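Student: Fold the following.
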Amino acid sequence: MKGWVLITREAQELPELQPWVPEELELVAFPVLRQVPWEEPAAWERLARHLAELAVIACTSRHAPRPFLAQAQRRGLDAALTQLPVAAVGEATAAACREVGLSVALVGSQGGAALAETISQRFTVPSAVVFPCGREHREELVSRLHAAGFEVFPLPVYAMEPANPSQLPPLPPGSPRAVVLTSPRAASHYWQLTQGQFSAVPHLAWGATTAQELQKLGLAFEVLPQPNPKGLKEALCRIL
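Tutor: A predicted model of the protein is given here:
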């Protein structure tokens with residue numbers, strides 16, 4: 001059997017990442033957070049007042065498109081929103097957008113900050129961006145777009161809650177060659193679930209905020225040089 005690397009992502013997200021991993025390693029999903037419904041009427045009301053200003057939908061998670069469109073339909077806003085082009089992070093997110101009828105114009109692979117840079121190059125200000133996202137979401141896309149002069153409408157359409165141990169898939173025997181933690185909340189819940197079982201294994205933080213959480217937990221870790229598949233490859237090649 002190949003060596004394995006635990007990552008706090010869902011199995012559906014691994015095909016996009018596996019090609020970046022050294023051939024002798026296999027990614028194993030350990031989705032310590034699960035998607036649950038979430039809706040913020042006030043955010044929708046604010047968005048509805050600014051529909052005419054919207055130029056693009058920015059989507060950084062494959063979890064967002066379906067609840068985004070469903071909530072838009074309930075408010076009669078789907079016709080206007082589905083006319084907008086979508087800028088997506090990663091092929092999995094782009095595919096999720098297409099599955100619900102959204103038109104993907106840009107696919108980035110370097111994370112939210114890089115997507116914001118691409119949007120700022122392709123679209124002119126003043127214009128606005130709608131950002132369907134999770135209840136707890138990273139701020140780099142929003143802050144970069146604001147800095148470039150765009151109005152941004154974050155729109156939380158789902159939430160990620162801790163999974164019960166019974167909901168998690170079984171892990172392969174032995175210990176992983178590395179553990180990849182993809183968000184601060186995932187890091188915290190991973191630690192609660194494993195109780196230090198893999199503390200001797202190299203841990204990788206997907207980004208700076210995840211690194212801060214690992215520091216609080218007292219874990220030795222390295223930070224990916226970039227919070228994207230290329231950064232994952234570089235980090236794994238360096239530590240293994």
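
Student: how many neighbours does the residue nearest to Pro15 when sequence neighbours are not counted have?
Tutor: Distances taken as Cβ to Cβ, 6 or more residues apart in numbering place Ala92 nearest to Pro15, at 7.7 Å, with adjacent residues excluded. C-beta: built from backbone N, CA, C; applies to glycine. Neighbourhood size, Ala92 [other Cβ atoms under 10 Å]: 19.

Student: how does the protein divide into domains?
Tutor: Annotated domains of the chain cover 3-32+163-239, 36-159 [automatic domain parsing].

Student: re earlier: mind pulling up the pLDDT for the residue nearest to Pro15?
Tutor: Note on Ala92: pLDDT of 80.

Student: That one looks like it's in a helix, true?
Tutor: Yes. Assessed with DSSP: H, G, I helix; E, B strand; the rest coil, Ala92 lies in a helix.

Student: Contact partners for it?
Tutor: Going by Cβ atoms under 8 Å, 6 or more residues apart in numbering, Ala92 touches Gln12, Glu13, Pro15, Glu16, Arg62.

Student: Go through the strand or helix carrying Ala187 and flag the buried ones.
Tutor: Secondary structure assignment for Ala187, by DSSP states H and E: helix 184-194. Applying a neighbour-count criterion of 16 or more other Cβ atoms under 10 Å, one finds Pro184, Arg185, Ala186, Ala187, Ser188, His189, Tyr190, Trp191 buried in helix 184-194.

Student: So which other helices or strands are in contact with that helix?
Tutor: strand 33-37, strand 151-162, strand 178-181, helix 208-217 (3 or more Cβ pairs under 8 Å, 6 or more residues apart in numbering; DSSP states H and E).
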